[in-house]
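Undergrad: no sequence on this one, just coordinates:
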């Protein structure tokens, strides 16, 4: 018996995206959290919120939860991202 194995990877690599410029500091910044809404994200984001405020001087943390954990962020969340200095997206189970 013979098995043929197919490689699904494309022959060429996709164009690399551009990284956002690094913030010089988080002091006084607004950080947005986007959660997939699963239970495991709650504790993670709560802890991260405290660390960012206490250790790095973050002024404001905005938390948003997607309406569907397996889909991209909802349009209102995407529109709001422009008001934040940085975004952290998290998943959990």
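TA: Ah, there it is. Model, not experiment: these values are computed from the prediction.
Undergrad: any idea how far residue 34 lies from residue 13?
TA: Going from residue 34 to residue 13 by CB to CB, to the nearest Å gives 27 Å. Backbone N, C-alpha and C define where each C-beta goes, glycine included.
Undergrad: who has more neighbours, these two?
TA: The neighbour count for residue 34 versus residue 13, taken as other CB atoms under 10 Å, is higher for residue 34 (25 against 7).
Undergrad: And what about that one, helix, strand or coil?
TA: With DSSP: H, G, I helix; E, B strand; the rest coil as the basis, the three-state label of residue 34 is strand.
Undergrad: which residues does the residue lying closest to it once chain neighbours are set aside contact?
TA: In space, residue 34 comes closest to residue 89 once its chain neighbours are excluded; the distance is 4.6 Å by CB to CB, 6 or more residues apart in numbering. Residues in contact with residue 89 (CB atoms under 8 Å, 6 or more residues apart in numbering) are 33-35, 73.
Undergrad: Let's see that with 10 Å instead.
TA: Shown in contact with residue 89 (CB atoms under 10 Å, 6 or more residues apart in numbering): 32-36, 41, 64, 66, 73.
Undergrad: Counting neighbours, which of the residues you listed comes out on top?
TA: residue 34 (25 neighbours).
Undergrad: if we can go back for a sec, what helix or strand does the residue nearest to residue 34 sit in?
TA: For residue 89, the host element (DSSP states H and E) is strand 86-90.
Undergrad: Adjacent strands (with direction) for that strand?
TA: Paired neighbours of strand 86-90 in the sheet (DSSP bridges): strand 30-35 (parallel).
Undergrad: what sits up against the strand it pairs with?
TA: Contacts for strand 30-35 (CB under 10 Å, 6+ apart): 23, 41-42, 44-46, 48-49, 52-53, 56, 58-66, 69, 72-74, 77-78, 80-81, 83-92.
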